[in-house]
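Asks: Predicted coordinates and the sequence they were generated for:
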Amino acid sequence: MTNLSLNLMVIFSEVPDGNTPRGYSIIEIPSIIPRLVRVNTEKKGYHYILLEDLVRKNISSLFPGMEIKQTISFRVTRNRDYDLRADEVVDLPQSIEKEIKERSHQIAVRLEIESNVPKTYANILIKELHIDNKFTYEINGPLNICDLLYLYNLPVNARYKDPPFNPRIPLRLANRKRNIFSIISEGDVLLYHPYDSFAVVMNFLNDAADDPNVLSIKQTFYRIGKYSPIIGALCRAAENGKKVTAVVELKARFDEECNINWSHQMQRSGVNVVFGFPDGKHIVKRLWLKDVREIFNDNMCMYLRVIIMPSPQSNIPILDC
């Protein structure tokens, strides 16, 4: 039972002789197939069923000749803490990749199970997973409802959705005909995300990647998105001959594989990728670059963008400057 996978527990009926214990089997729902399966396409509107319900409906074909008493959906969360010692780690990426491969054997820390399951069956999973009862949660409805976000993108009547939020672009930066560096030279720019658009930051980074006056770019990463445009800008900058350094945190929980894959792509483009430390994490995001240009009288100028992250206990807003 891999981490965060959706599973079905299939309970078989007892053998008539009464001497053979009731058996069960675990079926993992494939994650590479969309969980929402569209049906009745000939009808008006949008109709979907859950993949696990489709499997449940046809479960008997997987166990011919067996009498199935009940099927139960559940999901397991496993511990993702790392047992890495700074004095023992030689290659941090390889150590993290090894930990990822072994995650299916890591300790279970949470069990989500559908509601109204007989205690006898729930106890089988609790015992097999060696998990405490207090970390078992009965879910009244589909497990992992994040998968249902797909429905929000359907072209349905706008009254069923929240009004769209459009972050603003500061007036000083709205004119893309002006060089962004000349605008910054007139005074500092303070951005407050998500109310100010992140597109401004991407414009800044894209201009830097293509500007011959920019000498170097340094960027820190904690969690890298699956379709991050920042990676493309940094790779293009390195291919344009700039000195590009990326500091990547490999221990961003549940995003380790994505961070490692992007790191390899940046390295292939010539980016100098630096990884964090085995016994700590860096979370603060920084974008730092140096350039030389005539508007600064040929003096070297450095730009710094810092995101200040508050502690969970504080009420300080997240500032991006």
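Replies: Yes, it's here.
Asks: which residues does residue 56 contact?
Replies: Neighbouring residues of residue 56 by CB atoms under 8 Å, 6 or more residues apart in numbering: 8, 71, 73. Bear in mind the C-beta positions are built from the backbone N, C-alpha and C, glycine included.
Asks: swap the cut-off to 7 Å and go again
Replies: Listed by CB atoms under 7 Å, 6 or more residues apart in numbering, the contact set of residue 56 reads 8, 71.
Asks: Show me what the mean pLDDT comes to for the host helix or strand of it.
Replies: Following DSSP states H and E, one finds residue 56 within helix 51-57. Averaging pLDDT along helix 51-57 gives 93.
Asks: Which positions within it qualify as buried?
Replies: For helix 51-57, the neighbour count (16 or more other CB atoms under 10 Å) marks 51-52, 55-56 as buried.
Asks: And residue 243, its phi and psi?
Replies: For residue 243, the backbone dihedrals (degrees, to the nearest 10) come out as phi -80, psi 110.
Asks: pLDDT at it, what is it?
Replies: With respect to pLDDT, residue 243 has a value of 92.
Asks: One more: residue 285?
Replies: Residue 285 carries a pLDDT value of 71.
Asks: Count the neighbours of it for me.
Replies: 17 (other CB atoms under 10 Å).
Asks: let's have the chain start at 38 instead
Replies: Understood, numbering begins at 38; the last thing we discussed is residue 322.
Asks: Now do it against residue 233, distance only.
Replies: As judged by CB to CB, to the nearest Å, residue 322 and residue 233 stand 15 Å apart.
Asks: Over to residue 154?
Replies: Separation of residue 154 from residue 233 (CB to CB): 48 Å.
Asks: Residue 151 too?
Replies: Separation of residue 151 from residue 233 (CB to CB): 43 Å.
Asks: just residue 206 next, same as before
Replies: Distance, residue 206 to residue 233, using CB to CB: 7 Å.
Asks: Can you report how many residues lie near residue 160?
Replies: Neighbours of residue 160 (other CB under 10 Å): 13.
Asks: tell me the strands in the stretch 238-358 of the chain, going along the chain?
Replies: Listed in chain order, the strands of the stretch 238-358 of the chain (DSSP state E, counting those that start in this stretch) span 251-258, 280-285, 309-312, 322-329, 337-345, 356-357.
Asks: mean pLDDT for those strands: which is lowest?
Replies: strand 356-357 (a mean of 36).
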